[in-house]
Each structure stands twice: as structure tokens, then as C-alpha cells.
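Novice: dropping the sequence and predicted coords here.
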Amino acid sequence: MNKKLYIHVGPPKTGTSVIQFWLSTHASWLRSQGVYYPQHELDSNSVSSGHRALFLERLSQTTRTQFNHAKFQQLLTEFNETGCNNLLLSSEFFFYQIPEFLKYREQYNIQFIAYVRADFELIESLYNQSVKRNGQVLPLPHRSQLPKSYLDELIDSISIYSECTFNLRAYGDSTVFRTDIITDLLTCLDLEPPTGYTPQSEKINSSYSFECLEFKRWVNKFDLGDLDRRIDQCLQGFKSNSQAYSLLPANTYQCYKEQSLEKIMALQALAPIENYENLINYVKAKNRASYIHQELYPDHLTKVGKYLLEADKALLSELVTHIGSKELSDLDVQYLELLRQLLGTDTLPEQKRLWLSKLMRKMRE
């Protein structure tokens, strides 16, 4: 059993987009090193679902996927014909397909690569992602106990399957990695970066700024359809001073932080986490960013509206028309008229426009 299958499973919000972008753009170099990394698509923001589409099929009327073994066998045949000894696959959707991959462990040496991120960070990042891509309209709940997470799933999986099949890596800032995440991943393959390599400086699929988060959470109410993807891609380019913020009050944040440490320690007891001590020190030293109460403030709506007006006026116009066709609350009407004013298409009579102006000033105070 000389051939190896390296399955990078994420999980979400652990640098997967950066990893997939680099691997995809260096597939030829990887192949020269004996690693076959099949090509996959990247969108206009360099974001990808990795290799999901190669052999996972979405079940109808659901977000769940199903492992297509016939397609996977075709991929293995393709891999065997390359002459490479290592197949590297990457997708966050593989996280829940571990049992399916393990059906091939008699033929291949299979190793799952998973990054371990503290839940108290992950919960805010995943919430941001749910607003970006999954139509979330509710604010982030503040609970006394952390909800079940990917760390719990990892603990369950490692408890069931041999720990030898899992390569766990600590995820955090530069104090956690001895180098950077690409160099760290290549270490799993016994590789060093190519000559001239420089770490990726620009973030890919980063979280929304607070303005964009609340804007997108508002428009998610209106069943955006095809507009959803276009709005998300456009908002990815929005730059703001409010990139670093927290939606968790101080007591909730501290509670989550302590529970996160307990989960990481429980995982370490089952299987070693590379850079474990660095991760523990990072979590203990981490301070909460400035707290912002979730609400779409008029100034923020104006900033995002002006950005959309400049970046894609046609998209903003389509969005305004789409929202105007829906059932609206009084606050929705106020927000919509503000966007119409930016477009120069406001339809309010003068008396109501003055009333709206006073209301907006009051909300700013």
C-alpha cells in the first residue's frame, strides 16, 4: 500500500479558501513533487468549494451531499494514471464524508487533515458566513453553553476511528503557526514550499465588516434568488474600519472562551494537535474585539449603499426594485427610501421625506 490519499476536510473558517487557492494555482508544482491535486473552480473572489463537485452530489431540496462512489473510482483511476504516489483532495464538505473515504483504506493509506480552531472564534466566524451565504436573518444568540461544533464532531470521529488516520493542526494567528498555514499544510505531505515562496498576505473569503453584515442580514429577508450570489461577491470587496468587532457581550465571550479551552484539551487527549501549546497560549491571551450591538444603523446603510452604487449601480437598482416588490415594515420602507435617494429615484412626497430625515437623525443620536 504505497499510494496515499490526503483528505483536507477543513473544517469551515480555518483558512480553507487560502489553502485551496494556493494549491489550485500550484497544481503543476505539486505534481512535479509527486502530489496530484485535481483542478477545481475559483470564483471572482478566489473562493471555491474545492473538490466537492468531483464526486459529491447534492440531494434534492436540501443542502446535504451524497458520496458518489462510481465518480470517486473514476478519480482514483485518473490518479493512478498520473504516476503520482499521493492524491490530495480538499473540501469542507468532506468533513461529514469520513466514513465513506474510509471504505478505501484497504487499498490506500488514508490521512485526514483537519485544522483545530477555538469555538469562541469559530462561532462568530460561522455566524458571519451564515449571513453571507445561507440567508441568515436572526442576530447571533447569546447562550450560556457553546452549541455543538466541528470540534465535537472531530472528538466523535476520532473516538470511533483510529487516531492514526487524523493529522490535527492548530489554527490561529501567526503566534500559533511556526510559519504560515500553507507551509504548515505542506509539512503534512513532507514537502517544503517552492523556491521564492512568500506567504499569502491577502485574505480570501474574509468575514464581512459590521456594516456589510447587517446590510446583508436585512436584505436576506427578501428571498434574493440570483441576486444573493451577486450581492455577496460585491460586498466581498467592501473595505471598512469595522473589520475587527465582536457580537458577543463580555460575559458570554469569557464563558465561551473557557469552554473552548476545555474542548481543545479533550481533543488533545484523543489525538495530538500540532502546535497544541501555541494554540492554548493563543486562546488564553486572546482579547475580545470591540462589541457592537446588532442593528442596521442608517450611517452604515448609507456607506454600503454608496459602495454598491459605485461598484455596481445596476445591481443596487435591481436590489431596490426587488425589495420594493415585497411586503415591507415601516423600517424597511425607511431603509428602502434611503437607497432610492442614493439612486436618485426616491418616490416619497416632500412631507414624508422630511419626516424620514428627522427619524434617521433621531436613530443616529
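Specialist: Alright, I've got the coordinates.

Novice: from here on, contacts and neighbour counts on C-alpha atoms
Specialist: Will do.

Novice: can you pull the pLDDT of T62?
Specialist: Listed pLDDT for T62 reads 69.

Novice: one more: L339?
Specialist: 94.

Novice: specify the local secondary structure of it.
Specialist: helix (DSSP: H, G, I helix; E, B strand; the rest coil).

Novice: could you do L87 as well?
Specialist: Going by three-state DSSP: L87 is strand.

Novice: beta partners of it?
Specialist: L87 has these beta-bridge partners by DSSP bridges: L5, Y36.

Novice: and it, how many neighbours?
Specialist: For L87, the neighbour count with other C-alpha atoms under 10 Å is 22.

Novice: likewise S206?
Specialist: The burial count for S206: 18, using other C-alpha under 10 Å.

Novice: how about W29?
Specialist: So W29, with other C-alpha under 10 Å, has 15 neighbours.

Novice: now do it, the pLDDT please.
Specialist: 97.

Novice: and what about the closest residue to it other than its chain neighbours, helix, strand or coil?
Specialist: Spatial nearest neighbour of W29, chain neighbours left out: P194 (7.9 Å); criterion: C-alpha to C-alpha, 6 or more residues apart in numbering. Secondary structure assignment for P194 (three-state DSSP): coil.

Novice: ok, now T321?
Specialist: Under three-state DSSP, T321 comes out as helix.

Novice: same deal with E295?
Specialist: Per three-state DSSP, E295 ends up coil.

Novice: OK, contacts around it?
Specialist: Counting by C-alpha atoms under 8 Å, 6 or more residues apart in numbering, E295 touches E214.

Novice: can you pull the contacts of S174?
Specialist: Per C-alpha under 8 Å, 6+ apart, neighbours of S174: D180.

Novice: tell me the secondary structure at it.
Specialist: Per three-state DSSP, S174 ends up coil.

Novice: for G15, see how far away the residue nearest to W29 is.
Specialist: Computed as C-alpha to C-alpha, to the nearest Å, the P194 to G15 distance reads 20 Å.

Novice: more neighbours, those two?
Specialist: G15 (19 against 12).

Novice: can you read off the pLDDT for the residue nearest to P139 when sequence neighbours are not counted?
Specialist: Excluding the flanking residues, the one nearest P139 by C-alpha to C-alpha, 6+ apart is Q294, at 6.6 Å. The model reports Q294 with a pLDDT of 96.

Novice: isn't Q294 right up against L247?
Specialist: Yes. Contact criterion C-alpha atoms under 8 Å: Q294 and L247 qualify, at 7.0 Å.

Novice: the two: which is more packed in?
Specialist: L247 (21 against 17).

Novice: who's in contact with that one?
Specialist: E124, L140, Y291, I292, H293, Q294.

Novice: 7 Å instead?
Specialist: Y291, I292, H293 (C-alpha atoms under 7 Å, 6 or more residues apart in numbering).

Novice: format these as a markdown table; extra columns: distance to P199 and neighbour count.
Specialist: A markdown table is the format used below for the contacts of L247 (distance: C-alpha to C-alpha, whole Å; neighbours: other C-alpha atoms under 10 Å):
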| residue | distance to P199 | neighbour count |
| --- | --- | --- |
| Y291 | 31 | 13 |
| I292 | 32 | 13 |
| H293 | 35 | 11 |
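
Novice: hang on, the earlier thing: would you mind measuring from the residue nearest to W29 to L30?
Specialist: Here the criterion is C-alpha to C-alpha. By it, P194 lies 9 Å from L30.

Novice: equivalent analysis for L42, please.
Specialist: From L42 to L30 the distance is 18 Å (C-alpha to C-alpha).

Novice: cool, Y37 as well?
Specialist: 7 Å.

Novice: in the protein, where's the longest strand?
Specialist: Counting by DSSP state E, the longest strand found in the chain is strand 109-116.

Novice: tell me the helices and strands packed up against that strand.
Specialist: Other helices and strands packing on strand 109-116, by 3 or more C-alpha pairs under 7 Å, 6 or more residues apart in numbering; DSSP states H and E, are strand 4-8, strand 166-170.

Novice: angle of the next helix or strand after the last one against strand 109-116?
Specialist: Later in the chain than strand 166-170, the nearest helix or strand by DSSP states H and E is helix 181-188. Angle of helix 181-188 versus strand 109-116, following axes from the mean of the first three to the mean of the last three C-alpha atoms, to 10 degrees, is 150 degrees.
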